[in-house]
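**Q** Structure for this input, please:
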Amino acid sequence: SIPSSDRTVDHSLPLPDLKPRIAEVCRDLFNKWRNLDDSDFSLETVSGGITNLLLKVSIREKQDSTAVITVRLFGPNTEYVVNRERELQAIPYLSAAGFGAVLLGVFGNGMVQSFIDARTLTPSDMRSPKLAAQIAKHLRRFHSVQVPGSKEPQLWNDISKFFGRASTLKFDDAEKQKTLESISFTEIDQEIDQLKQLTSRFDAPVVYAHNDLLSGNLMLNDDEEKLYLIDFEYGSYNYRGFDIGNHFCEYAGYECDYGLYPNEDEQYLFFRNYLNPDNPTQVSDSELEALHVETNTFMLVAHLYWALWAVIQAKVSPIDFDYLGYFILRYNEYKRRKAQCFSSAQVYFSK
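**A** Numbers count the residues shown, from 1 in each chain. Next up, the predicted model:
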């Protein structure tokens, strides 16, 4: 069983003030460090996503030996958008299959994991053909992991929860409230219904999906050319096309530069390596076309998913990020791409 502690750590504290609190958590969780002093611990920030803070913690165990771990502090109020229970249940199975870091302990608002010696990718890294092929092969393997529990796809449940929360919010900030009032949730509700109907016509395989495969959740050790998929907080059973379509949207980065969305050749390279990792050239045109249409229809769903997520984050997240601006960028891109994607799907189904 994994050690656990009820302690919580305020993730808005500056690094020097975090140190004694993180040391306290580590002493609480691990007997072997119980007698160590605060001065035996040192901290550095690995990355601050727009929901989590990732810290590299080095522990001086003896004169000549240092242990290194990662501490992930969950962003405040992330329980509004993340199902923590689902994540903690899946981690041991994903970890056993070689994905992510090993879970070493959990505490009130975070987890302790093994340290991965690698750098976080950037959106432009993901376009490199060599890396794109590697990511596709990894994702195929990730999708074959069996996680116990319900195998029902969670996409529409999650969207329905997000919709319920986003459509009933009120902001104290007048400017934000004005932006919120300009959003037609009736229209979004109709869009969700249309997408639900259209995507149900695909026989999209249901897999254990990452659901948040952006560059910040991919790490690479350049020397060993070893790729890591990390951070499974949005993971669930879901439609294959959603996971891939969502990943393609992330080529655009947080700035949402959708001119960077992968073109057909780039997508086909990814699909070949995903569909036949051992022999990518042996994929039929019909398989490629089917996955292309499936992915680019579910890509529309990804825009609505994160658009609604952003409205909730604008209300609950203390992180300084223009979430309502992000909603607008995602929803506008959805509307810009909708007609073409719907018509490609209709043509495909009429064959």
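
**Q** Going along the chain, name the helices of the protein.
**A** When assigned using DSSP state H, the helices of the chain occupy the ranges 15-29, 84-96, 123-126, 129-142, 155-166, 174-181, 185-199, 240-249, 264-275, 285-316, 323-350.

**Q** Now that we have those, can you turn them into JSON lines and tack on mean pLDDT, mean neighbour count and distance to Glu44?
**A** For the C-beta atoms, the positions are set from N, CA and C on the backbone; glycine is no exception. Written out in JSON lines, the entries for the helices of the chain read as follows (pLDDT from 0 to 100; neighbours: other Cβ atoms under 10 Å; distance: least, Cβ to Cβ, whole Å):
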{"stretch": "helix 15-29", "mean pLDDT": "97", "mean neighbour count": "18", "distance to Glu44": "8"}
{"stretch": "helix 84-96", "mean pLDDT": "92", "mean neighbour count": "16", "distance to Glu44": "24"}
{"stretch": "helix 123-126", "mean pLDDT": "96", "mean neighbour count": "16", "distance to Glu44": "22"}
{"stretch": "helix 129-142", "mean pLDDT": "98", "mean neighbour count": "18", "distance to Glu44": "26"}
{"stretch": "helix 155-166", "mean pLDDT": "98", "mean neighbour count": "18", "distance to Glu44": "34"}
{"stretch": "helix 174-181", "mean pLDDT": "97", "mean neighbour count": "13", "distance to Glu44": "34"}
{"stretch": "helix 185-199", "mean pLDDT": "98", "mean neighbour count": "15", "distance to Glu44": "41"}
{"stretch": "helix 240-249", "mean pLDDT": "98", "mean neighbour count": "24", "distance to Glu44": "29"}
{"stretch": "helix 264-275", "mean pLDDT": "98", "mean neighbour count": "18", "distance to Glu44": "34"}
{"stretch": "helix 285-316", "mean pLDDT": "97", "mean neighbour count": "21", "distance to Glu44": "26"}
{"stretch": "helix 323-350", "mean pLDDT": "98", "mean neighbour count": "16", "distance to Glu44": "27"}
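
**Q** In CSV, list those helices along with distance to Phe107.
**A** Putting the helices of the chain into CSV (distance: least, Cβ to Cβ, whole Å) gives the following:
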stretch, distance to Phe107
helix 15-29, 5
helix 84-96, 12
helix 123-126, 32
helix 129-142, 27
helix 155-166, 26
helix 174-181, 32
helix 185-199, 37
helix 240-249, 29
helix 264-275, 36
helix 285-316, 21
helix 323-350, 27
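
**Q** Quick check: which of the ones you listed is nearest to Ala209?
**A** Within the helices of the chain, the stretch nearest Ala209 is helix 240-249; the backing value is 4.0 Å (Cβ to Cβ).

**Q** just checking, what packs against the closest one?
**A** Helix 240-249 makes packing contacts with helix 129-142, strand 206-209, helix 264-275, helix 285-316 when contacts are defined by 3 or more Cβ pairs under 8 Å, 6 or more residues apart in numbering; DSSP states H and E.

**Q** Of all these, which one is nearest Pro3?
**A** strand 206-209 (25.5 Å).

**Q** quick one: strands adjacent to the closest one?
**A** Each strand paired with strand 206-209, and its direction, by DSSP bridges: strand 236-239 (antiparallel).

**Q** CA atoms of the strand it pairs with as PDB?
**A** Extracted in PDB, the C-alpha atoms of strand 236-239 (Å, rounded to 0.1, in the frame of the first residue of the first chain):
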ATOM      1  CA  SER A 236     -10.300   8.000 -18.200                       C
ATOM      2  CA  TYR A 237     -11.800   5.400 -20.600                       C
ATOM      3  CA  ASN A 238     -12.700   7.400 -23.700                       C
ATOM      4  CA  TYR A 239     -12.800   7.400 -27.400                       C
END
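
**Q** average pLDDT for it?
**A** Mean pLDDT, strand 236-239: 98.

**Q** Report the buried residues of that strand.
**A** Ser236, Tyr237, Asn238, Tyr239 (16 or more other Cβ atoms under 10 Å).

**Q** Not counting sequence-adjacent ones, nearest residue to the last one?
**A** Pointing back at Tyr239 there. With sequence-adjacent residues excluded and distances taken as Cβ to Cβ, 6 or more residues apart in numbering, Tyr239 is closest to Ala204, at 4.2 Å.

**Q** For burial, what's the neighbour tally of that neighbour?
**A** By the measure other Cβ atoms under 10 Å, the count of residues near Ala204 is 21.
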